[in-house]
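Enquirer: kindly generate the corresponding structure for this input.
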Amino acid sequence: LERGSLVLSQPGGFFSWRQRYFHKAAILIIHRSGAADLGVILNRPTALTTAHFGVEGPPWRIWYGGDCSSLTTPSVKWSEMSTCCLHTMEAYAEFSQEVFRGIYIMSFQGARNLVERGEAEANDFMVMAGLCGWGKDQLEKELARGSPWTMAAVSRFTLTKELNLARWPPRSLRAEQVGLDN
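Expert: Now for the predicted structure:
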């Protein structure tokens, strides 16, 4: 388990009833330390934009990143949420931290500054609202137990392709674009 690992929740069981946002979740680990592990759910787009929270400027599409400091907190304000932006653009690497080869994370404000200066577009980024969090050794123990998480091996090419498709959903997809040709 390391930064950039992909963790999948196992279908059914615990998450089917109690924490449905984790059901069949694909979580990218973005931070590891002796005290905690943090990740973001990659496959939970929402119908919300930053405009829903009174953020000035063009609306940015929001993904549900996890239940810590997130959209699940009643009456939460944008400034109180844990937010970050994922991207695959090497041009912004100097303003970001690399999570996985070719996949970067930066603050929402950092991404917003790039857009305001005309150096990027809002759809270059996946805005994550909230994080997934585990206490000291918690995730490793749950993985060793085999429930409710499992690790997934994923290539850089596959992950960046999926992230790019998530940011710019085409109107129609060819079979090879959704992996039906493999």
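Enquirer: from here on, just use CA atoms for contacts and neighbour counts.
Expert: Will do.
Enquirer: need the strands for the protein, in chain order.
Expert: Assigned by DSSP state E, the chain shows strands spanning 6-9, 26-32, 36-41, 45-49, 61-64, 83-87, 97-100, 103-106, 126-129, 132-135, 149-152.
Enquirer: of those strands, flag the one that's most buried.
Expert: Burial of those is given as mean neighbour count (mean count of other C-alpha atoms under 10 Å); strand 126-129 ranks first at a mean of 27.
Enquirer: strand partners of it, parallel vs antiparallel please.
Expert: Strand 126-129 has its sheet partners listed here by DSSP bridges as strand 61-64 (parallel), strand 83-87 (antiparallel).
Enquirer: what residues does it touch?
Expert: Contact partners of strand 126-129, identified using C-alpha atoms under 8 Å, 6 or more residues apart in numbering, comprise 40, 60-66, 69-71, 81-87, 108, 167.
Enquirer: distance between that strand and the chain's centre?
Expert: 6 Å (C-alpha atoms, centre = their mean, to the nearest Å).
Enquirer: rounded mean pLDDT for that strand, please.
Expert: Per-residue pLDDT values across strand 126-129 average out to 96.
Enquirer: count of residues packed around the closest residue in space to residue 78 that isn't next to it in sequence?
Expert: Distance criterion C-alpha to C-alpha, 6 or more residues apart in numbering; nearest residue to residue 78, sequence neighbours excluded, is residue 53 at 5.8 Å. Look at residue 53: counted by other C-alpha atoms under 10 Å, it has 13 neighbours.
Enquirer: list of residues touching the longest helix anywhere in the chain?
Expert: Of all segments of type helix in the chain, defined using DSSP state H, the longest is helix 156-167. Identification of contacts with helix 156-167 by C-alpha under 8 Å, 6+ apart yields 87, 88, 100, 101, 102, 103, 123, 124, 125, 126.
Enquirer: over to stretch 94-101?
Expert: 3, 4, 5, 29, 30, 104, 105, 106, 110, 156.
Enquirer: flag the shaky bits of this protein, pLDDT-wise.
Expert: In the predicted model, the chain carries pLDDT under 70 at residues 13-17, 168-182.
Enquirer: distance check, the residue nearest to residue 31 when sequence neighbours are not counted against residue 109.
Expert: Nearest non-adjacent residue to residue 31, counting by C-alpha to C-alpha, 6+ apart: residue 38, 5.0 Å away. Separation of residue 38 from residue 109 (C-alpha to C-alpha, to the nearest Å): 20 Å.
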